[in-house]
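Engineer: this one's sequence-less:
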């Protein structure tokens, strides 16, 4: 299996990075705002089960808060990657169109179908075409 390096300058890679950071930010803000409620309700629910100690309940509730942040970061990464991929495809099509045009111009030049005119010759041709 061949493994190639990842080009970190593509919009897809940039989108993934930006999306991940944004997801962590949104997840962190959500947990900061609602974390106490999530944490406390998780502890209360787990404490009601007789087999779970308060210490374990706190660890599990903390894990739930971490999972929320991680999940939102993953969603942000996927969304950013998809947006970046769409941008990369658009850029690729634009580049392809430019390359086709450049190849066509070069082909005409190579065939010798291009003729240069002096300004006087060009003006004479314009007058004759009227």
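Structural biologist: Yep, it's here. Just so you know, these numbers come straight off a predicted model, no measurement behind them. Residues are numbered from 1 along each chain as shown.
Engineer: count of neighbours near residue 61?
Structural biologist: Using other C-beta atoms under 10 Å, residue 61 has 20 other residues around it. Heads up, the C-betas are built off the backbone N, CA and C, glycines and all.
Engineer: and for residue 60?
Structural biologist: Residues near residue 60, counting by other C-beta under 10 Å, number 14.
Engineer: what sits against it?
Structural biologist: 42, 46, 52 (C-beta atoms under 8 Å, 6 or more residues apart in numbering).
Engineer: now which of the residues you listed would you call buried?
Structural biologist: Among the contacts of residue 60, those classed as buried by 16 or more other C-beta atoms under 10 Å are 42, 46.
Engineer: out of the contacts of residue 60, flag the one nearest to residue 75.
Structural biologist: residue 42 (21.1 Å; C-beta to C-beta).
Engineer: contact partners for that closest one?
Structural biologist: Applying C-beta under 8 Å, 6+ apart, the residues near residue 42 are 57, 60, 61, 64.
Engineer: helix or strand next in line after the helix or strand where it lies, which one?
Structural biologist: Assessed by DSSP states H and E, residue 42 sits inside helix 11-48. Scanning forward in sequence from helix 11-48 by DSSP H and E, the next helix or strand is helix 54-111.
Engineer: from the chain's centroid, how far away is the next helix or strand after that following helix?
Structural biologist: Downstream of helix 54-111, the next assigned helix or strand under DSSP H and E is helix 119-129. Counting by C-alpha atoms, centre = their mean, to the nearest Å, helix 119-129 is centred 53 Å from the centre of its parent chain.
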